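> build me a model from this:
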Amino acid sequence: MPYIKQLELDQLPLPSDEAYWVKMKRKASYGDVLAAQSAMLQVTQGTNGSAGQVLTEMEWGAYLSTLTIRLLTEWNLTDASEAVLPITEASLESLQPEDGEFLAAEAQKRLGRRPTTEQIPFGKRSGRRSTNTR
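As a prediction, this is how the structure comes out:
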């Protein structure tokens, strides 16, 4: 049995119009995750007159955009002249908000992480608050 298997895809209709669809990888690869993480982190040196200081900035939008683009393999979205749009950041940014949010949520689901119910360490909430605290 081969380690590298044939790519599994899901065809997903878009919420704004089910005539439009995307094909997305069923599961993100390690490279997909690394690319998204790299897009998220920006390092800046010596800003605001503080030479030698390194500032890091987290870009959640860049992470989601890169992850989504890496997981998309095909779509039938077209421009005004009916040409299929390339799967790029610019094309992704031009989508209807509900479609962009849908694709970002779908991409996050495909990271292969534990379900939310397994991530919660305790099944029930704490008891009553102490009367000595406010």
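> show me what the lengthiest strand in the chain is packed up against.
Looking across the chain with DSSP state E, the single longest strand is strand 17-25. Packing partners of strand 17-25 (3 or more CB pairs under 8 Å, 6 or more residues apart in numbering; DSSP states H and E): strand 9-14, strand 72-75, helix 97-109. C-betas here are computed from N, CA, C, even on glycine.
> other SSEs contacting the first one?
For strand 9-14, the contact count by 3+ CB pairs under 8 Å, 6+ apart identifies strand 17-25, helix 97-109 as packing neighbours.
> mind listing what that strand pairs with, with the direction of each?
The strands beside strand 9-14 in its sheet (DSSP bridges) come out as strand 17-25 (antiparallel).
> check the shortest one too.
Strands adjacent to strand 72-75 in the sheet, as given by DSSP bridges, are strand 17-25 (antiparallel).
> make JSON lines out of the helices and strands packed on strand 9-14 and add distance to W60.
Compiled in JSON lines, the helices and strands packed on strand 9-14 are given as follows (distance: least, CB to CB, whole Å):
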{"stretch": "strand 17-25", "distance to W60": "20"}
{"stretch": "helix 97-109", "distance to W60": "10"}
